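Chemist: predicted model, plus sequence, below.
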Amino acid sequence: MQALLSAAQLAESDFRAQRERVEALKAKLSTMDGGDAGNLLALADFFVRRSVWIVGGDGWAYDIGYGGLDHVLASGANVNILVLNTEVYSNTGGQASKATPLGASAKFAAAGRRVPRKDLAMMAIAYGDVYVAQIAMGANNEQAVIAFREAEAYEGPSLILAYSQCIAHGTDLRHGMKQAARAVASGHWPLLRFDPTMRRRAMNPFRLDSPRPRIPLSEYRSREVRFKVVEQTNPGAAAHMLDQAQLALDERYRLYEDLAARDGSRFHPHWQDI
């Protein structure tokens, strides 16, 4: 019983060992008579730690529900959050959200959104004690699996932002994985992880998992109607917004590289102070 109560349950191997211990306990309890044995048998499965996940889209996480999300991140609670980021309000008709990128057309931004998308990853990293990851299965599924494992093992709030395709993008969803890979290759969606536990070992908690952009942003955008429709209706404005988006992308990536190169013993979680 003491082993069941004190067992660490962080890695998958820990959970497997705990399930085996619980099964052994249940087998023993099933042979015993008495109300106490029956009550404990009914509760035995609760010795395996439950994994708690909150799942939502970018309209909720970046925009209309951000206050609630921020409250959970600031709470210190051991809860995991997965945001499926389609960069638009997918479920309610394709309205622009604060995750909609500069230059993309959406409802309420038909001529192209005129400001860059919110960098929710960096906002969460600023807390210093929140596990944060940006993933894209089509670009690097191994990095995505590692991020889920680390988030699950982290004793505190964790946030995973997953690049997700949507019909509102105006692209062939059969090739969604390839388009996700282009998003990463262009630098539009950098892959990263921030693990606060690394700071306890004087190691840099910020890891940039994607290489420097190797294709221009225009190559990624040229395959999606949400960008091409602006080019057709107002070519000058579309070209200007693309230039501005490329400059913002380059600056953001420079910041990420600077964070990734820092000495872990001197790493400060508040990126605003850099």
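Modeler: Structure's in. What do you need?
Chemist: wait, a helix at Trp60?
Modeler: Yes - when DSSP: H, G, I helix; E, B strand; the rest coil is applied, Trp60 is found to be in a helix.
Chemist: do you know how far it is from Leu69?
Modeler: For Trp60, the distance to Leu69 under the criterion C-beta to C-beta, to the nearest Å works out to 7 Å. Glycine gets a C-beta too; all of them are placed from N, C-alpha and C.
Chemist: if you count surrounding residues, which of these two has more?
Modeler: Comparing Trp60 with Leu69 by neighbour count (other C-beta atoms under 10 Å), the higher total belongs to Leu69, at 22 against 19.
Chemist: touching, that one and Gly59? I think so.
Modeler: No - in this structure Leu69 lies outside contact range of Gly59 using C-beta atoms under 8 Å: 11.6 Å.
Chemist: ranges for the strands of the protein?
Modeler: Counting by DSSP state E, the chain forms strands over residues 53-57, 80-85, 131-135, 158-163, 192-194, 206-208, given from the N-terminal end onward.
Chemist: which of those strands sits most buried?
Modeler: Mean neighbour count (mean count of other C-beta atoms under 10 Å) peaks for strand 131-135 among those, with a mean of 27.
Chemist: packing partners of that one?
Modeler: helix 120-125, helix 141-153, strand 158-163, strand 192-194 (3 or more C-beta pairs under 8 Å, 6 or more residues apart in numbering; DSSP states H and E).
Chemist: out of those, the one nearest Ser222 is which?
Modeler: Among those, the nearest to Ser222 by C-beta to C-beta is strand 158-163 (17.7 Å).
Chemist: once you drop chain neighbours, what's closest to Ala106?
Modeler: Taking C-beta to C-beta, 6 or more residues apart in numbering as the measure, Ala106 lies nearest to Ala96, with 4.0 Å between them; neighbours along the chain are not counted.
Chemist: for this protein, which spans come out with low pLDDT?
Modeler: 1-6, 264-274 (pLDDT under 70).
Chemist: wait, isn't Val130 in contact with Pro157?
Modeler: Yes - under the criterion of C-beta under 8 Å, Val130 is in contact with Pro157, at a separation of 5.0 Å.
Chemist: overlap in contacts, these two.
Modeler: Both Val130 and Pro157 are contacted by Leu73, under the criterion C-beta atoms under 8 Å, 6 or more residues apart in numbering.
Chemist: can you list the buried residues in stretch 86-96?
Modeler: Judged by neighbour count (16 or more other C-beta atoms under 10 Å), stretch 86-96 contains these buried residues: 86-90, 94-96.
Chemist: now swap in stretch 211-231 and tell me
Modeler: Buried residues in stretch 211-231, counting neighbours by 16+ other C-beta under 10 Å, are found at 213, 217, 220-221, 223-224, 226-231.
Chemist: please apply the same query to stretch 13-29.
Modeler: Here stretch 13-29 shows 15, 18, 21-22, 25, 29 as buried, counting by 16+ other C-beta under 10 Å.
Chemist: likewise stretch 252-267?
Modeler: Going through stretch 252-267 with 16+ other C-beta under 10 Å, the ones that come out buried are 252-253, 256, 259, 267.
Chemist: about what we covered before: so which two of the buried residues of stretch 211-231 are the farthest from each other?
Modeler: Taking C-beta to C-beta, no two of the buried residues of stretch 211-231 sit farther apart than Pro213 and Val229, at 24.2 Å.
Chemist: which residues in the stretch 1-150 of the chain form helices?
Modeler: Per DSSP state H, counting those that start in this stretch, the stretch 1-150 of the chain carries helices over the ranges 2-6, 12-29, 35-43, 58, 66-75, 120-125, 141-153.
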